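Undergrad: have a look at this prediction, sequence included:
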Amino acid sequence: MFDESFFEMYNQDNDEEESSAATTTSQIERTVESIDSSKIFVLSIGGSIIANDKPNSTYIAKLSETLTKLEQEGYRFVLVIGGGAIARNYMASAKSLGANNFEQDQIGIFSSRLNAMVVIRGVVNSYPSVLKKIEESKTILQNGKIPVFGGILPGATTDFVGALIAEYLQATFINMSNVDGVYSSDPTDNPRAKLFTEISYEKLLSLMKLHSSSPGPHVIMDVPACLVIKRSKIPTLVIDGNDLENFENAVHGTDFKGTIVGSFEQED
Ligand code: UTP
C-alpha cells in the first residue's frame with residue numbers, strides 16, 4: 001500500500017510547506033520592528049519542573065499568565081524545555097536494552113520535545129511547533145510569538161541549547177531548575193554550603209567542572225553551557241523555576257533570590 005509514490009507525495013507536501021514558510025519569513029523580516037535585546041530572556045526550564053510522573057499543568061498555566069503579563073510590559077521570551085524524569089527513565093530503559101550513548105541522547109531529545117509540546121499547548125502566544133533550528137528563534141520573536149525548543153543535538157543538554165540561543169540573540173539567559181542558585185557545594189550534603197548571590201564566569205566554570213567530575217551532586221549548568229556564557233559574557237541568572245514571583249522580580253531587575261553570573265572580580 002505504501003509504495004514510492006506515497007513518499008513522493010509526502011516530500012512534495014514538505015517542500016510546499018518549506019517554501020510557504022520561507023515566503024512568510026521574508027515578509028516578516030521586512031515588516032516587523034527590531035526588538036531591544038536587553039528585553040529578551042531565554043529561559044532554560046528544567047524538565048523536573050515541567051513534568052515528573054506527569055506534566056504539571058497547574059505550573060504551566062501559571063507560567064503562561066506570568067509571561068503574558070511580562071510581555072505586556074515589553075519583555076520577550078524564548079523557552080527551552082528539559083527532559084526531566086521522562087528522559088531519565090526512558091534513557092535508562094533504552095540503555096538496559098543495549099542503546100548506545102547517541103541513541104540514549106536521541107531519546108533524551110525526544111523527551112524534552114514531548115515536554116515542550118505540552119508547554120506549547122499551555123503557554124498562550126507560543127509558536128505552535130517545537131523548534132529545531134536556533135536561527136528560527138529570531139524571526140518568530142520578531143513576529144510576536146514565543147519560540148519553544150527542546151533538545152537539538154546529541155551529546156548536548158537543553159542548558160547548552162539555551163545558552164547558544166541567548167548568545168545568538170544577545171539575550172539574558174535564565175536557568176530555572178529546582179535549585180535556587182549556585183552553591184559552593186551540594187547543599188543537600190553540606191548544610192554549610194554557601195549560596196552565591198554573584199559569581200564570575202570563571203568561578204562558575206571551575207565549580208561546574210569540579211561537580212561534573214564527581215558523581216552525585218546536581219550540576220546546575222553543564223560545562224559546555226558555562227563555556228558559551230563565558231565566551232560571550234552573556235548576562236545569566238540561576239533561580240528556582242518553581243517560584244514565578246521571584247522569576248518576575250528577576251526579569252524586572254528588582255530584588256530576587258538566586259545567583260547572578262557575570263564579569264565579577266572573585267577570589268578562588
Ligand atoms: P536535559 O537537558 O533535559 O538534561 O536533557 P537534564 O540535565 O536532565 O535536565 P532537567 O532534568 O530536565 O533539568 C536530558 C538528556 O537528553 C539528551 C542528553 O542525554 C541529556 O542528558 N540531550 C538533551 C541531548 O543529547 N541533546 C540536547 O540538545 C538535549
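TA: Nice, I can see it.
Undergrad: quick one: buried residues of stretch 119-133?
TA: Neighbour counts over stretch 119-133 (16 or more other C-beta atoms under 10 Å) mark 119, 120, 122, 123, 126, 127, 130, 131 as buried. Backbone N, C-alpha and C define where each C-beta goes, glycine included.
Undergrad: doesn't residue 147 make contact with the last one?
TA: Yes. Residue 131 is in contact with residue 147 according to C-beta atoms under 8 Å; the separation is 5.4 Å.
Undergrad: what's the overlap in contacts for these two?
TA: Residues touching both residue 131 and residue 147 by C-beta atoms under 8 Å, 6 or more residues apart in numbering: 137, 140.
Undergrad: before we move on, back to that, how about the buried residues of stretch 119-133, which pair is most distant?
TA: Within the buried residues of stretch 119-133, 122 and 131 form the most distant pair, 16.8 Å apart (C-beta to C-beta).
Undergrad: burial of residue 137, as a residue count?
TA: 26 (other C-beta atoms under 10 Å).
Undergrad: and the closest residue to it other than its chain neighbours, how many neighbours?
TA: Spatial nearest neighbour of residue 137, excluding adjacent residues (C-beta to C-beta, 6 or more residues apart in numbering): residue 147 at 4.3 Å. By other C-beta under 10 Å, 24 other residues sit near residue 147.
Undergrad: how close does residue 147 get to residue 40?
TA: 10 Å (C-beta to C-beta, to the nearest Å).
Undergrad: overlap in contacts of the two?
TA: With C-beta under 8 Å, 6+ apart as the test, residue 147 and residue 40 both reach 78, 141.
Undergrad: beta partners of residue 77?
TA: Beta-bridge pairing for residue 77 (DSSP bridges): residue 41.
Undergrad: ok, it - contacts?
TA: Contacts of residue 77 by C-beta under 8 Å, 6+ apart are 40, 41, 42, 43, 67, 70, 71, 146.
Undergrad: just the buried ones from these?
TA: Listed as buried from those are 40, 41, 42, 43, 67, 70, 71, 146; burial here means 16+ other C-beta under 10 Å.
Undergrad: which residues does the third one contact?
TA: Contact analysis of residue 42 by C-beta under 8 Å, 6+ apart lists 77, 78, 80, 162, 163, 165, 166, 169, 171, 172, 173, 174.
Undergrad: one more pass at 7 Å, please.
TA: By C-beta atoms under 7 Å, 6 or more residues apart in numbering, the residues touching residue 42 are 78, 80, 162, 165, 166, 169, 171, 173.
Undergrad: just put those residues in a markdown table and tack on neighbour count and distance to the ligand.
TA: Converted to a markdown table, the contacts of residue 42 look like this (neighbours: other C-beta atoms under 10 Å; distance: C-beta to the nearest ligand atom, whole Å):
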| residue | neighbour count | distance to the ligand |
| --- | --- | --- |
| 78 | 27 | 15 |
| 80 | 31 | 8 |
| 162 | 31 | 9 |
| 165 | 27 | 11 |
| 166 | 29 | 15 |
| 169 | 22 | 17 |
| 171 | 25 | 18 |
| 173 | 29 | 14 |
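Undergrad: out of the residues you listed, which are inside helices?
TA: 162, 165, 166, 169 (DSSP state H).
Undergrad: so the third one is in contact with residue 173, correct?
TA: Yes. Proximity of residue 166 to residue 173 meets the contact threshold set by C-beta atoms under 7 Å, at 3.9 Å.
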